[in-house]
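In: let's see this in three dimensions:
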Amino acid sequence: MAGERFVDRVFISLAAASGFLAVGLRAFGAHALKDRLSADALQVVKTGVSYKMDHALALRVLGLWLAG
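Out: Below is the predicted model of the structure:
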């Protein structure tokens, strides 16, 4: 049981770190890269960050499911 508890905490921690990174990358793209990249390139950054957040949410759900 202790090993299972460790695994769900790992997934929840990875989800939190991934979500934190996604928010930071989105802010970086919106502010620091705004004047340096074209509109198309900014859209690519936005799409990538959106996928990153989707994966963070999936990790969170998996962690909660394992904790269940």
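In: and A67, what's its pLDDT?
Out: Listed pLDDT for A67 reads 86.
In: quick one: contacts for it?
Out: By C-beta atoms under 8 Å, 6 or more residues apart in numbering, A67 lies in contact with 5, 8-9, 12. In short, each C-beta sits where N, CA and C put it, glycine included.
In: out of the residues you listed, who's nearest L57?
Out: Lowest distance from L57 to the contacts of A67 (C-beta to C-beta) belongs to I12, with 11.8 Å.
In: what residues does that closest one make contact with?
Out: Taking C-beta under 8 Å, 6+ apart, we find I12 in contact with 59-60, 63-64, 67.
In: just the buried residues of these.
Out: The neighbour-count test (16 or more other C-beta atoms under 10 Å) marks 59-60, 63 as buried among the contacts of I12.
In: export these to JSON lines and tack on distance to S38?
Out: Listed next are the buried ones among the contacts of I12 as JSON lines, based on distance: C-beta to C-beta, whole Å:
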{"residue": "L59", "distance to S38": "32"}
{"residue": "R60", "distance to S38": "33"}
{"residue": "G63", "distance to S38": "37"}
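In: ok, L59 to L66 distance?
Out: Using C-beta to C-beta, to the nearest Å, L59 is found at 11 Å from L66.
In: show me where this protein has its helices.
Out: 2-31, 39-67 (DSSP state H).
In: now for the residue nearest to G48 when sequence neighbours are not counted, how many residues are close by?
Out: Distances taken as C-beta to C-beta, 6 or more residues apart in numbering place L25 nearest to G48, at 7.8 Å, with adjacent residues excluded. Other residues within reach of L25, judged by other C-beta atoms under 10 Å, total 17.
In: nice, that's everything, thank you.
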